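Engineer: coordinates for the following, if possible.
(one chain, ligands or ions: 3)
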Amino acid sequence: MRLLTTVAALRCYLNKLRWRILPLHSDEPLPHEMTTRFPTAVGLVPTMGALHQGHLSLIERARQENAIVIVSIFVNPLQFGPEEDFERYPRTLEQDQQFCQQAGVDAMFVPNPEEIGVARKNIQDLIVTQVTPPSDMISGLCGRTRLGHFQGVATIVTKLFNLVQPDRAYFGQKDAQQLAIIKRLVTDLNFPIEIVACPIIREANGLALSSRNQYLSASQKQQAAVLHRGLQKAHAVFRSGVRKSNKLIKAVLQEIATVSAVSVEYIELIEPTTLIPLDEIQEEGMIAIAAHIGPTRLIDNIILRDRQPIIAIDGPAGAGKSTVARQVAAKLGLVFLDTGAMYRAVTWLVLQKGIPLDDECAIAELANCCLIKLTPSEDLKSPVQVWINGNDVTNKIRTTEVTSKVSAIAAQSAVRSALVKQQQSWGKKGGLVAEGRDIGTQVFPDAEVKIFLTATVTERAYRRLQDFEKQGQPSVSLEELERSIKERDWKDSTRLVSPLRKAADAIEIVTDGLTIDQVTTIIVDFYQQCLAHL
Ligand SMILES: Nc1ncnc2c1ncn2[C@@H]1O[C@H](COP(=O)(O)OP(=O)(O)OP(=O)(O)O)[C@@H](O)[C@H]1O
Ligand SMILES: CC(C)(CO)[C@@H](O)C(=O)[O-]
Ligand code: BAL
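Structural biologist: Residues are numbered from 1 along each chain as shown. Ligands and ions are numbered 1, 2, ... in the order given. Model prediction:
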């Protein structure tokens with residue numbers, strides 16, 4: 001692992017690693033004339049150090065999703081008010097280095113304030129170009145007492161984004177206002193960076209991990225756990241059908257009042273993306289809280305979602321996802337969202353318009369302007385009906401030509417983001433089963449049930465052969481099918497955008513030797529178990 005402290009060294013390090021040379025096919029060894037330059041995915045985990053298991057969860061997620069993981073440690077003077085704990089903030093570099101080394105981090109970026117031009121002489125006199133997020137996002141919640149804090153965060157995060165130019169950056173849901181502001185910053189300033197939100201990691205007693213917990217004594221840590229208990233009380237009240245803000249907040253306050261050492265700064269119900277205060281929850285709300293124990297200020301939050309559950313089924317091509325997903329949806333009375341059909345429809349359109357597969361710009365234009373309609377079929381045997389720009393392409397998208405090209409189209413980031421946006425808007429109310437490559441990881445990372453459905457290559461090739469025979473399509477050899485399945489697996493799991501991988505919280509089902517009915521039953525049973533624990 002590298003420890004980089006200067007901007008020059010960081011740039012040098014990244015320039016060397018940004019591209020890698022790979023064979024075009026999985027089983028072709030290097031050197032080979034059939035090689036290509038692949039961009040290397042870079043994941044950034046911005047922190048202020050004093051690393052703990054909360055940070056580790058971000059690093060682990062980044063490790064799973066990127067070839068290079070950079071952790072930055074910088075106690076940013078811009079985000080501390082004059083009365084705040086800048087001087088006292090824990091600085092434990094040696095320990096953090098060991099921590100990162102063990103977590104498989106590639107490089108740590110640990111600049112000093114002079115190096116990135118934000119040295120704290122007198123914070124009021126510090127003159128640097130600053131990034132100011134929309135005032136309605138920074139004036140409420142923590143922004144009410146931490147004046148200038150979110151400008152400080154937005155400014156340093158912008159600098160880090162420009163320095164590292166990551167493909168993905170990882171932030172914790174614990175700092176929910178920060179997360180919402182950074183997502184907005186990325187949209188407003190057009191950063192080509194995916195912001196990955198990671199769930200809150202807690203102590204066994206429920207206290208959210210935080211570097212500032214080091215300020216607490218053992219008994220204060222016990223007392224602080226009341227914040228989480230309060231939020232859980234609100235969750236229980238919410239589940240009993242209460243939607244009004246005042247009642248939900250009262251439930252939190254009542255619980256916190258049982259521990260006199262805790263004084264509440266604010267408890268509010270807001271919309272988690274825009275941070276707009278809510279009187280009642282329609283689809284989704286977040287209760288955010290800040291409180292003090294002695295001089296230590298702590299934050300926590302919970303998301304309350306009024307939606308039907310979502311079942312996310314991911315897995316490689318030919319694992320039987322779409323048949324199983326359709327059957328599971330029918331059994332449970334949920335809607336089947338055939339995302340594979342959406343990518344196939346775009347592929348069909350690209351082929352029909354004669355656009356070369358590598359003309360990503362033309363394909364981006366097409367994907368962002370096309371109108372896809374999916375209509376669930378009446379009976380289970382027939383596929384979901386698919387229209388693109390008014391053309392019924394239900395059968396046209398199942399040809400070998402579309403099948404062989406769809407992976408290349410789905411790997412294009414512009415296509416992906418256009419269709420993911422549409423899938424997420426359909427998923428707002430939940431109550432659906434979706435299948436694909438990135439449903440549990442990207443599209444619905446908060447799906448209640450996640451399945452990774454797979455089967456051996458031989459089994460999948462055999463199933464595809466049978467499908468072709470049933471559809472009366474020209475015969476293809478089993479070997480040829482195996483080869484194309486292997487190649488597609490490899491492409492799907494190594495691509496930069498939404499690579500195929502099992503979500504950490506998914507259960508894996510290998511379907512060799514199982515009938516569709518058996519697989520369906522396993523999933524339906526698992527769903528019932530999960531619901532019982534929600
Ligand atoms: N318990 C946690 N679970 C998930 N993510 C976390 C947790 N604690 C911190 N993070 C995330 O780690 C990143 C770096 O946070 P930071 O270094 O400020 O640590 P912290 O523990 O939140 O410290 P602080 O005490 O300053 O709030 C942020 O994106 C933050 O949301
Ligand atoms: C995002 C961040 C590293 C910016 O200084 C900080 O606010 C934090 O640690 O959450
Ligand atoms: N985790 C947010 C950093 C701060 O409180 O300053």
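Engineer: report how many residues lie close to Gly390.
Structural biologist: 7 (other CB atoms under 10 Å). Backbone N, C-alpha and C define where each C-beta goes, glycine included.
Engineer: list the residues that contact the nearest residue to it once chain neighbours are set aside.
Structural biologist: Spatial nearest neighbour of Gly390, chain neighbours left out: Leu371 (7.6 Å); criterion: CB to CB, 6 or more residues apart in numbering. Going by CB atoms under 8 Å, 6 or more residues apart in numbering, Leu371 touches Trp387, Ile388, Asn389, Gly390.
Engineer: check the residue of the stretch 101-250 of the chain found nearest ligand 1 and give its pLDDT.
Structural biologist: Closest contact between the stretch 101-250 of the chain and ligand 1, by CB to the nearest ligand atom, is at Gly172 (2.2 Å). Note on Gly172: pLDDT of 97.
Engineer: still on that earlier bit, who wins for most neighbours among the contacts of Leu371?
Structural biologist: That'd be Ile388 among these, by other CB under 10 Å, with 23 neighbours.
Engineer: and the nearest residue to it once chain neighbours are set aside, what are its phi and psi?
Structural biologist: Leaving aside its sequence neighbours, Ile388 sits nearest to Ala345 (CB to CB, 6+ apart; 4.1 Å). Torsion angles at Ala345 (phi, psi; degrees, to the nearest 10) stand at phi -60, psi -40.
Engineer: looking at this, Ala251 is in a helix?
Structural biologist: Yes: counting by DSSP: H, G, I helix; E, B strand; the rest coil, Ala251 is part of a helix.
Engineer: that one: what's it in contact with?
Structural biologist: Gly230, Lys233, Ala234, Ala236, Val237.
Engineer: tell me, how many residues neighbour the first one?
Structural biologist: In other words, Gly230. 29.
Engineer: can you pull the contacts of it?
Structural biologist: Going by CB under 8 Å, 6+ apart, Gly230 touches Ala251, Val252, Leu253, Gln254, Glu255, Ile256, Ile267, Ile289.
Engineer: right, and Thr339 touches Arg416 too?
Structural biologist: No: contact between Thr339 and Arg416 fails when scored by CB atoms under 8 Å: they sit 10.5 Å apart.
Engineer: of the two, which one has the most company?
Structural biologist: Using other CB under 10 Å, the more surrounded residue of Thr339 and Arg416 is Thr339, with 24 against 21.
Engineer: please, where are all the strands along the stretch 1-150 of the chain?
Structural biologist: Here the stretch 1-150 of the chain has its strands, by DSSP state E, counting those that start in this stretch, at 2-4, 19-23, 35-39, 42-47, 68-73, 107-109.
Engineer: for the stretch 301-450 of the chain, that is, sorry about that
Structural biologist: 310-314, 335-338, 372-375, 385-388, 391-392, 432-436, 449-454.
Engineer: possible to save the strands of the stretch 1-150 of the chain as JSON lines with distance to ligand 2 and mean neighbour count?
Structural biologist: Putting those into JSON lines (distance: least, CB to the nearest ligand atom, whole Å; neighbours: other CB atoms under 10 Å) gives the following:
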{"stretch": "strand 2-4", "distance to ligand 2": "16", "mean neighbour count": "15"}
{"stretch": "strand 19-23", "distance to ligand 2": "28", "mean neighbour count": "13"}
{"stretch": "strand 35-39", "distance to ligand 2": "25", "mean neighbour count": "11"}
{"stretch": "strand 42-47", "distance to ligand 2": "4", "mean neighbour count": "26"}
{"stretch": "strand 68-73", "distance to ligand 2": "7", "mean neighbour count": "26"}
{"stretch": "strand 107-109", "distance to ligand 2": "11", "mean neighbour count": "24"}
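Engineer: just put those strands in a markdown table and tack on distance to ligand 3 and mean pLDDT.
Structural biologist: Putting the strands of the stretch 1-150 of the chain into a markdown table (distance: least, CB to the nearest ligand atom, whole Å; pLDDT from 0 to 100) gives the following:
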| stretch | distance to ligand 3 | mean pLDDT |
| --- | --- | --- |
| strand 2-4 | 22 | 97 |
| strand 19-23 | 33 | 63 |
| strand 35-39 | 30 | 62 |
| strand 42-47 | 8 | 97 |
| strand 68-73 | 12 | 97 |
| strand 107-109 | 17 | 98 |
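Engineer: now do the contacts for the residue nearest to Ile388.
Structural biologist: Cys370, Ile372, Val386, Trp387, Ile388, Val393, Ile397.
Engineer: that older thread, reformat the strands of the stretch 301-450 of the chain as TSV; add mean pLDDT and distance to Val402.
Structural biologist: Output for the strands of the stretch 301-450 of the chain, formatted as TSV (pLDDT from 0 to 100; distance: least, CB to CB, whole Å):
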stretch	mean pLDDT	distance to Val402
strand 310-314	95	20
strand 335-338	88	14
strand 372-375	88	14
strand 385-388	92	11
strand 391-392	94	13
strand 432-436	91	16
strand 449-454	95	21
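Engineer: want to try CSV for those strands, with distance to Gln528 as columns?
Structural biologist: Below are the strands of the stretch 301-450 of the chain laid out as CSV (distance: least, CB to CB, whole Å):
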stretch, distance to Gln528
strand 310-314, 12
strand 335-338, 18
strand 372-375, 26
strand 385-388, 30
strand 391-392, 36
strand 432-436, 14
strand 449-454, 10
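Engineer: quick check: which of the ones you listed is nearest to ligand 3?
Structural biologist: That would be, of those and by CB to the nearest ligand atom, strand 449-454, which comes in at 28.1 Å.
Engineer: list the buried residues for the helix or strand following the closest one?
Structural biologist: Where DSSP states H and E defines the elements, the next helix or strand beyond strand 449-454 is helix 457-470. If you call a residue buried by 16 or more other CB atoms under 10 Å, then helix 457-470 has these buried ones: Val457, Glu459, Arg460, Ala461, Tyr462, Arg463, Arg464, Leu465, Phe468.
Engineer: contacts for helix 457-470?
Structural biologist: Everything outside helix 457-470 that qualifies as a contact, by CB under 8 Å, 6+ apart, is 316-320, 400, 455, 474-476, 478, 481-482, 485-486, 489, 511-512.
Engineer: what subset of these is buried?
Structural biologist: By 16+ other CB under 10 Å, those give Pro316, Ala317, Gly318, Ala319, Gly320, Ala455, Leu481, Glu482, Ile485, Lys486, Asp489, Thr511 as buried.
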